[in-house]
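Asks: Generate a structure from the sequence data that follows.
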Amino acid sequence: MIRAVLSFLMIWLAIPALAQDFRALARVLPADSSLSDVAGGGARMALALTQAVPFRVFTLDDPARVVVDFREVAWDGMSADFDAADAVAGVETGGALEPGWSRMVLELSRPLAVAQAAMATDPADGTATVHLRLDPTSAEAFAETAGAPPGVATLVAPAAGEMARPRQSGAGMLVVVLDPGHGGLDPGAQRDGHDEADLTLVFARELRETLVRSGRFEVILTRDSDVFVPLPTRVSIARAAGADLFISLHADALAEGRATGATVYTLSGTASDEASAALAERHDRADLLAGIDLSGSDDVVAGVLMDLARLETDPRSDALADALVAGIAAAEGDLHSRPRLEAGFTVLKAADIPSVLVELGFMSEPEDLANLLDPVWRALMQATMRDAILDWAVEDAAAATLLRQ
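Replies: Model (predicted):
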């Protein structure tokens, strides 16, 4: 049986968005990077990078190897004496087989299990260090847990990959970034002992599994635990991952009045109605809690460039939102009386990535809260969203072909 040790392991800390340039490749900081033996026959790696990037770790057998993939790292700063560990026979670096990924392969001298894999980010300058600890294990135990995550090529010979991700063609893997709303110091809406942050994280994890199992998706979460991630950083994660689409997940509550069912939002400079404006303001306040002020951060030129990019991206976001609403309706799912709205959510402001925000329901409504807590309802909604995204991908690719003509 093939099982991944860590299918997608990503650590994102609450750091100022402007402390890093996510548009550039992360680079190795050789002075702070090392790979050495530890007592007992294991090994420890510290890989210092100029900025935080999503990464994943897994093992492969015959021969024994540890593979660490990054989005993306330029390896030209690697020191020749980086590998000082007898437990690691050699280190190869380069591009992974999938475009947009960089790969490090540790060739093991003996079976070693991944005991720790984590990323620590310096809040002052945005640099990050990946810490990897490998402990001795038996050959049988190593073989039992070895295997690549679903959808990841098992060939590990580093190969040159594309540096820029083209618009999706409808044929290859779709890179989806799921954004579970709130988290950490911002629990979101609260009802009957339940936090919105917890419910959206459960839904996002399950949706990730639903998408990955189809064999058509590569999925990244902006957070995979109860941590606070600033709103602009969530967008930066999607851009660093080369996302084909971005879906933010929420489950709000109304202080007054009643509302039920799912709503899908796209970006607008002005909200569809006062309720949408209030909702956007409530979500965006999370950044104020972290002390981040984004006012005036974009100059005129940047604003013009983003507006030009949105001329192509906004219709794609609208089409994605329409596909999700149509899919939920066809599956006889629960929809709000006005299921398609617009608002100025910060997480939808990526100029170059089709983005939507899905309010799965309203925690203030007992029926909606019961749905969110029901694994059967969640599974049906997740399957519906998967099918709707695939339908959108086909139509989006066809529209791109027409534009090229």
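
Asks: Could you tell me the per-residue confidence at residue 152?
Replies: Looking at residue 152, its pLDDT reads 73.

Asks: same question for stretch 360-375, mean pLDDT?
Replies: pLDDT averaged over stretch 360-375 gives 94.

Asks: and the end-to-end length of stretch 49-64?
Replies: For stretch 49-64, the first-to-last residue distance is 26 Å (Cα to Cα, to the nearest Å).

Asks: Could I get the buried residue list for that stretch?
Replies: Within stretch 49-64, the residues that qualify as buried are 49-61, 64, counting by 16 or more other Cβ atoms under 10 Å. C-betas here are computed from N, CA, C, even on glycine.

Asks: Check those against residue 92 and report the nearest one.
Replies: Using Cβ to Cβ, residue 60 comes nearest to residue 92 of these, at 12.6 Å.

Asks: And for the residue lying closest to the closest one once chain neighbours are set aside, the neighbour number?
Replies: Computed as Cβ to Cβ, 6 or more residues apart in numbering, the closest residue to residue 60 that is not its neighbour in sequence is residue 146, at 5.5 Å. Number of residues near residue 146 (other Cβ atoms under 10 Å) recorded here: 22.

Asks: Looking at the buried residues of stretch 49-64, which one is closest to residue 393?
Replies: Lowest distance from residue 393 to the buried residues of stretch 49-64 (Cβ to Cβ) belongs to residue 54, with 21.4 Å.

Asks: Which secondary structure elements does whichever strand or helix holds residue 132 sit against?
Replies: Assigned by DSSP states H and E, residue 132 belongs to strand 128-136. Other helices and strands packing on strand 128-136, by 3 or more Cβ pairs under 8 Å, 6 or more residues apart in numbering; DSSP states H and E, are strand 42-49, strand 65-70, strand 112-121.

Asks: Can you lay out those strands as a markdown table showing mean pLDDT and distance to residue 214?
Replies: Converted to a markdown table, the helices and strands packed on strand 128-136 look like this (pLDDT from 0 to 100; distance: least, Cβ to Cβ, whole Å):
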| stretch | mean pLDDT | distance to residue 214 |
| --- | --- | --- |
| strand 42-49 | 96 | 32 |
| strand 65-70 | 92 | 21 |
| strand 112-121 | 93 | 26 |
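
Asks: which one of the ones you listed lies closest to residue 189?
Replies: For residue 189, the closest of the helices and strands packed on strand 128-136 is strand 112-121, at 28.2 Å, according to Cβ to Cβ.

Asks: Using PDB, write down the CA coordinates of that closest one.
Replies: Coordinates of each C-alpha in strand 112-121 appear next as PDB, following Å, rounded to 0.1, in the frame of the first residue of the first chain:
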ATOM      1  CA  LEU A 112      15.000   7.400   8.000                       C
ATOM      2  CA  ALA A 113      11.500   8.500   8.900                       C
ATOM      3  CA  VAL A 114      10.300  12.100   8.700                       C
ATOM      4  CA  ALA A 115       9.800  13.000  12.400                       C
ATOM      5  CA  GLN A 116       9.500  16.800  11.900                       C
ATOM      6  CA  ALA A 117       8.800  19.100   8.900                       C
ATOM      7  CA  ALA A 118       8.000  22.700   9.700                       C
ATOM      8  CA  MET A 119       8.600  26.200   8.500                       C
ATOM      9  CA  ALA A 120       9.400  29.100  10.700                       C
ATOM     10  CA  THR A 121       9.100  32.700   9.400                       C
END
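
Asks: helices or strands up against it?
Replies: Short answer (3+ Cβ pairs under 8 Å, 6+ apart): strand 112-121 packs on strand 6-9, strand 42-49, strand 55-60, strand 65-70, strand 128-136, helix 139-145.

Asks: and of the ones you listed, who's closest to residue 331?
Replies: Nearest of those (Cβ to Cβ): strand 6-9, 27.5 Å.

Asks: Show me the shaky parts of the chain.
Replies: Scanning the chain with the threshold set as pLDDT under 70 gives 1-24, 95-100, 151, 153-165, 255-258, 269-309, 403-405.

Asks: Per the annotation, how does it divide into domains?
Replies: The chain breaks down into these structural domains: 6-145, 174-404 (assignment by automatic domain parsing).

Asks: chain center to the first one, what's the gap?
Replies: Translated: domain 6-145. 18 Å (Cα atoms, centre = their mean, to the nearest Å).

Asks: Make sure residue 67 is actually in contact with residue 102.
Replies: No: with contact defined as Cβ atoms under 8 Å, residue 67 does not reach residue 102; the gap is 11.3 Å.

Asks: Can you show me the helices along this protein?
Replies: In the chain, the helices defined using DSSP state H lie at 139-145, 196-213, 231-240, 274-289, 300-330, 366-373, 375-404.

Asks: Can you say which of these is packed in most?
Replies: helix 231-240 (a mean of 24; mean count of other Cβ atoms under 10 Å).

Asks: hmm, back to that, closest one of the buried residues of stretch 49-64 to residue 243?
Replies: Lowest distance from residue 243 to the buried residues of stretch 49-64 (Cβ to Cβ) belongs to residue 54, with 10.3 Å.

Asks: For residue 368, see how far away residue 252 is.
Replies: According to Cβ to Cβ, to the nearest Å, residue 252 and residue 368 sit 10 Å apart.

Asks: the strands in the stretch 151-300 of the chain, which residues?
Replies: Ranges of strands in the stretch 151-300 of the chain, per DSSP state E, counting those that start in this stretch, are 174-180, 190-191, 194-195, 217-221, 245-250, 262-267.

Asks: Could you list the residues in contact with the fifth one?
Replies: So that's strand 245-250. With Cβ atoms under 8 Å, 6 or more residues apart in numbering as the test, strand 245-250 has contacts from 174-182, 188, 196, 200, 203-204, 207, 234-235, 238, 283, 320, 345, 347-348, 350, 353-360, 385, 389, 392.

Asks: now that strand and strand 174-180, what's the angle there?
Replies: Put simply, strand 245-250 runs at 20 degrees to strand 174-180, going by axes from the mean of the first three to the mean of the last three Cα atoms, to 10 degrees.

Asks: okay, strand 245-250 in CSV with CA atoms only?
Replies: Extracted in CSV, the C-alpha atoms of strand 245-250 (Å, rounded to 0.1, in the frame of the first residue of the first chain):
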residue,chain,number,x,y,z
LEU,A,245,-8.5,29.6,-9.1
PHE,A,246,-9.0,30.7,-5.5
ILE,A,247,-12.0,29.9,-3.4
SER,A,248,-12.5,31.5,0.0
LEU,A,249,-14.9,29.6,2.4
HIS,A,250,-17.1,31.2,5.0
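
Asks: I appreciate the help and will end here.
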